[in-house]
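Novice: the sequence and its predicted three-dimensional model are supplied below.
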Amino acid sequence: MKSKIYLLTATICAGFLFCSFAAAQKIVYDFVADTDFSKYKTYKWHRAAKAIYPAKDLDDMFIRTIDAEIAKKGLARVESEEADLVVTYQIAVLDDMEWSSSKSTIPWVGVVGMNPGITGATVSGTNMIKKGSFFLDFYDVKTARQIWQAHATKTLAKTDDIKKRENNTKKVMAKIFQTYPPRAK
């Protein structure tokens with residue numbers, strides 16, 4: 001009975017630990033300290049040279065969700081050369097290996113009746129995972145220099161559900177734009 005409780009507890013803890021890693025994301029920002037972000041009113045999109053973009057439906061989803069967040073910040077999208085900013089994004093999805101190792105608290109019993117059980121054995125494992133890396137850059141058109149960048153990384157969950165992907169993308173973009181415009185360094 002005691003070993004079943006240990007097994008159940010270990011399984012639940014491992015499940016919570018895995019879920020927290022799968023949902024965790026990291027966002028890093030960088031910007032030019034002396035930039036007056038209040039002067040920017042318009043932006044246009046540009047494709048990064050040599051970048052590989054996702055399929056059209058996913059690309060459109062990224063642009064749509066980014067446009068929505070930028071609009072909340074008071075910037076208007078234009079198609080003319082008179083834009084204040086150029087916005088570009090790049091994304092990469094990489095295969096990675098996740099390693100795990102822990103001490104077992106589940107008693108191991110060899111041949112019945114020969115020994116009372118051994119605890120504390122090391123249990124190791126590996127999983128193939130996908131990691132996403134997303135860069136969003138803002139460039140000042142007049143000075144031709146990058147003024148702001150957000151870099152988000154996340155372990156990606158397997159899903160073919162386009163609605164779920166779009167909801168996740170909206171959440172990430174909302175989080176990215178929480179600190180835009182940035183405060184002075």
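Specialist: Thanks, I have the structure now. Residues are numbered from 1 along each chain as shown.
Novice: helices along this structure, start to end?
Specialist: 2-23, 56-72, 162-176 (DSSP state H).
Novice: least reliable of those going by mean pLDDT?
Specialist: Here the helices of the chain differ in mean pLDDT, and the lowest is helix 2-23 at a mean of 35.
Novice: then stretch 75-83 to PDB, C-alphas only?
Specialist: What follows is stretch 75-83, C-alpha atoms only, in PDB (Å, rounded to 0.1, in the frame of the first residue of the first chain):
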ATOM      1  CA  LEU A  75       0.900  52.800 -33.800                       C
ATOM      2  CA  ALA A  76      -0.800  52.500 -37.200                       C
ATOM      3  CA  ARG A  77       0.200  50.100 -39.900                       C
ATOM      4  CA  VAL A  78       1.000  51.700 -43.300                       C
ATOM      5  CA  GLU A  79       2.100  50.200 -46.600                       C
ATOM      6  CA  SER A  80       4.000  53.300 -47.800                       C
ATOM      7  CA  GLU A  81       7.700  54.200 -47.500                       C
ATOM      8  CA  GLU A  82       6.700  57.000 -45.100                       C
ATOM      9  CA  ALA A  83       6.500  54.700 -42.000                       C
END
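Novice: any weak-confidence spans in this protein?
Specialist: Scanning the chain with the threshold set as pLDDT under 70 gives 1-24, 95-130, 156-157, 159, 184-185.
Novice: try 50
Specialist: 1-23 (pLDDT under 50).
Novice: for it, what spans make up the strands?
Specialist: 25-31, 42-45, 76-77, 85-103, 122-140, 145-156 (DSSP state E).
Novice: OK, contacts around the nearest residue to residue 79 once chain neighbours are set aside?
Specialist: In space, and not counting its chain neighbours, residue 79 is closest to residue 44: 6.3 Å by Cβ to Cβ, 6 or more residues apart in numbering. Placement of C-beta: from N, CA and C, glycine included. Counting by Cβ atoms under 8 Å, 6 or more residues apart in numbering, residue 44 touches 77, 78, 79, 80, 81, 83, 85, 86, 87.
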